[in-house]
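Trainee: fold the following and give me the result.
(2 chains)
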Amino acid sequence: MSEPLLKVENLHKSFGSLDVLKGIDLELGRGEKIALIGPSGCGKSTCLRCVNYLETPNRGHIYLDGELFGEKKVGDRHVHMSEKELARQRATIGMVFQGFYLWPHLTVRDNVAIAQIKVNGMARSEAYDLAGEVLRKVHMEHKSDEYPERLSGGQQQRVAIARALAQRPKLLLFDEPTSALDPELVGEVLNTIHELANEGRSMMLVTHEIAFAREVADRVIFMDDGGIAEQGPAKEVIDSPVNKRLKSFLGQMLERH
Amino acid sequence: MIEFLTVYAENWASWWPQIRAAIWVTLGLTGFAYVLAMVVGMLIALGRMSRSALLRGLCKGYVEFMRGVPTLVILFLIYFGLPSFGIVFDAFWAGVIGLGLSMGGYIAEVFRSGLQAIHYGQREAALAVGMTPVQAFRYVTLPLAFRIILPPMLNMLILLLKDSSLAALITAPELMLTAKDLASSTFLPMHLYLLVGVLYLALTLPMSFVARHIEARMRLGAAR
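Mentor: Numbering: from 1, shown residues only, chains lettered A, B, ... in the order given. Predicted coordinates for the structure are as follows:
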């Protein structure tokens, strides 16, 4: 079997005395799409944020493309990377946040291009071409000169997705990308993510949209109380859950919709 | 009334060269002190948000000290106090340092509140695209905070210009001291203090105008 793109090994994270992650192991193959589901506070977002070291794990390791992420080995000890080295690694993972977090002082085009210009030293014209290309992909090219505040939530999130795509990422992380949206705007963002999934991109998605997870993800992981309670092929896990907590979770989610 | 005004006409030729020179001293004091205050303010603001509790404490102490001690006391400490330790500044630079250090405490608070008003998510998004913390600060947090702190920073500049008159008491040859000297040599205090009052107003009014203009544009910017 070929080496997985992402390997998460015995991941632990606590905030003060609160243990949020209690030993997560998972692998994501190239082109694979994983959805993390579970009740609020189960640790799914924290797990996602540990993958690109926005949260620093207390224990355990992340490997991307076979390389240790966020750490390096000195002798047989693991030590944290410098901020510069970490930044270079983070640039290979795209992340989409619940709250979009576009930068309001920059136009849509500059939001997408700035990292390529300032971080990767790309020429401005080249970065703008790239911005146009990825904005076209999320159907937002016509808003290139607008400022984010003039866009709807759904449009902002699509621009945020374009910003992540401009990194030409090996892996895309989505942290509840539709949870902050008005219900009528959820569809356009899910469609965009669906299109990306069809391109064979590797994705890890934290979501409350169970039907969407079932349709788009190859694999679903149900997290509960800081651990993985059940996982398997998306349709199997969602249509015929085994774990009792997953059954009641899915029941609640269906009731709500 | 006419009589009152003719005094200005009669004396203008002898007053104006001195007053013009004094205006430049006042503007110089204000300008240099403002630059110093911004540097000090930025360092103290960053120190107050540092991970080190000691540094945070020291910087908080600085702000409390500068807020609690009158600027005049600071000026006297520098101009009259430090020479006993062998540190001597001329009146102008003592004024710049005293005004700058004092105003730096206030500006630190303006910077800090501006920086803290930026949602942490903005910074995280910058880290996620591969910026280092320094780049995230430079390209995201700082420009965003700048929009918030610009209006209060202009108000601070107006306050500083008025406070620069305190340097008269450590003999810096600025507008207020020049007026006082002229008033006591000509016995025309009403005329001269009225004149400097108008001159301070003439210097500060354009600044308030600019501040209000920018504030209004920023508000439009937020809605844009």
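
Trainee: which positions in chain B make contact with chain A?
Mentor: For chain B, the contact set with chain A under C-beta under 8 Å from any C-beta of the partner chain comprises B:119, B:121-122, B:124-135, B:139-140, B:143-144, B:147, B:222-224. In short, each C-beta sits where N, CA and C put it, glycine included.

Trainee: list buried residues within these.
Mentor: The neighbour count (16 or more other C-beta atoms under 10 Å in any protein chain shown) marks B:122, B:124-132, B:135, B:139-140, B:144, B:147 as buried among the residues of chain B next to chain A.

Trainee: closest to chain A out of those residues?
Mentor: B:Gly130 (2.7 Å; C-beta to the nearest C-beta).

Trainee: pull the number of nearby residues for B:Leu54.
Mentor: 9 (other C-beta atoms under 10 Å in any protein chain shown).

Trainee: element containing residue 159, please.
Mentor: All of this refers to chain A. Following DSSP states H and E, one finds A:Val159 within helix A:153-165.

Trainee: think we crossed wires, I meant chain B
Mentor: Short version, using DSSP H and E: B:Leu159 is in helix B:142-163.

Trainee: in that helix, which residues are buried?
Mentor: Of the residues in helix B:142-163, those buried (16+ other C-beta under 10 Å) are B:142, B:144-145, B:147-154, B:156-158, B:160-161, B:163.

Trainee: what helices or strands is it leaning on?
Mentor: Helices and strands touching helix B:142-163, as assessed by 3 or more C-beta pairs under 8 Å, 6 or more residues apart in numbering or on different chains; DSSP states H and E, comprise helix B:2-48, helix B:91-116, helix B:189-223.

Trainee: just name the most buried of the ones you listed.
Mentor: Among the helices and strands packed on helix B:142-163, helix B:91-116 has the highest mean neighbour count (mean count of other C-beta atoms under 10 Å in any protein chain shown), at a mean of 22.

Trainee: that helix vs helix B:142-163, what angle?
Mentor: Helix B:91-116 runs at 150 degrees relative to helix B:142-163, counting by axes from the mean of the first three to the mean of the last three C-alpha atoms, to 10 degrees.

Trainee: can you name the element that comes right after helix B:91-116?
Mentor: Immediately after helix B:91-116, counting by DSSP H and E, sits helix B:120-128.

Trainee: what does that following helix rub up against?
Mentor: With contacts defined as C-beta atoms under 8 Å, 6 or more residues apart in numbering or on different chains, helix B:120-128 is touched by A:52, A:54, A:87, A:90, A:93-95, A:97, A:99, A:101-103, A:115, A:160, A:163-164, B:133, B:135-137, B:139-141, B:144.

Trainee: next, the angle helix A:153-165 makes with that helix.
Mentor: Between the axis of helix B:120-128 and that of helix A:153-165 there is an angle of 30 degrees, by the same axes, to 10 degrees.

Trainee: CA atoms of helix B:120-128 as PDB?
Mentor: The C-alpha trace of helix B:120-128 is given here as PDB (Å, rounded to 0.1, in the frame of the first residue of the first chain):
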ATOM      1  CA  TYR B 120      -7.700  36.400  16.400                       C
ATOM      2  CA  GLY B 121      -9.200  34.600  13.400                       C
ATOM      3  CA  GLN B 122      -7.700  37.200  11.100                       C
ATOM      4  CA  ARG B 123      -4.300  36.400  12.400                       C
ATOM      5  CA  GLU B 124      -4.900  32.600  12.300                       C
ATOM      6  CA  ALA B 125      -6.000  32.900   8.600                       C
ATOM      7  CA  ALA B 126      -2.700  34.600   7.900                       C
ATOM      8  CA  LEU B 127      -0.700  31.800   9.700                       C
ATOM      9  CA  ALA B 128      -2.700  29.200   7.800                       C
END
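
Trainee: ok, and what's touching stretch A:32-48?
Mentor: A:5, A:8, A:11, A:13, A:20-21, A:24, A:26, A:28, A:55, A:173, A:175-176, A:197, A:201-208, A:210, A:213, A:216-227, A:229, A:234, A:249.

Trainee: from those, which land in helices?
Mentor: A:Ala197, A:Ile210, A:Ala213, A:Val216, A:Ala234, A:Phe249 (DSSP state H).

Trainee: neighbour count and pLDDT added to those residues, as a markdown table?
Mentor: Below are these laid out as a markdown table (neighbours: other C-beta atoms under 10 Å in any protein chain shown; pLDDT from 0 to 100):
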| residue | neighbour count | pLDDT |
| --- | --- | --- |
| A:Ala197 | 19 | 93 |
| A:Ile210 | 19 | 93 |
| A:Ala213 | 23 | 94 |
| A:Val216 | 20 | 93 |
| A:Ala234 | 22 | 95 |
| A:Phe249 | 20 | 94 |
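
Trainee: rewinding a little: avg pLDDT for the helix holding B:Leu159?
Mentor: When pLDDT is averaged along helix B:142-163, the result is 92.

Trainee: over to stretch B:30-45?
Mentor: 96.

Trainee: packing partners for the helix or strand encompassing A:Gly60?
Mentor: Per DSSP H and E, A:Gly60 falls inside strand A:59-64. Applying 3+ C-beta pairs under 8 Å, 6+ apart, one finds that strand A:59-64 contacts strand A:6-15.

Trainee: what sits up against the strand it packs on?
Mentor: Where contact means C-beta under 8 Å, 6+ apart, the residues beyond strand A:6-15 that reach it are A:19-28, A:43, A:46-47, A:50-51, A:55, A:57-64, A:171, A:202, A:204.

Trainee: for chain A, what lies in contact range of chain B?
Mentor: Taking C-beta under 8 Å from any C-beta as the criterion, chain A approaches chain B at residues A:52, A:54, A:83-84, A:87-88, A:90-95, A:97, A:99, A:101-105, A:114-115, A:118-120, A:147, A:149-150, A:160, A:163-164, A:167.

Trainee: helix, strand, or coil at the nearest residue to A:Val119 once chain neighbours are set aside?
Mentor: Nearest non-adjacent residue to A:Val119, counting by C-beta to C-beta, 6 or more residues apart in numbering or on different chains: B:Gly130, 4.8 Å away. With DSSP: H, G, I helix; E, B strand; the rest coil as the basis, the three-state label of B:Gly130 is coil.

Trainee: tell me the contacts of B:Gly130?
Mentor: A:Ala87, A:Arg88, A:Arg90, A:Ala91, A:Thr92, A:Ala115, A:Val119, A:Asn120, A:Gln167.

Trainee: that older thread, next one: the helix holding B:Leu159 to chain centre, how far?
Mentor: 9 Å (C-alpha atoms, centre = their mean, to the nearest Å).

Trainee: and the contacts of stretch A:32-48, which of them are in strands?
Mentor: A:8, A:11, A:13, A:20-21, A:24, A:26, A:28, A:173, A:175, A:203-206, A:219-224, A:227, A:229 (DSSP state E).
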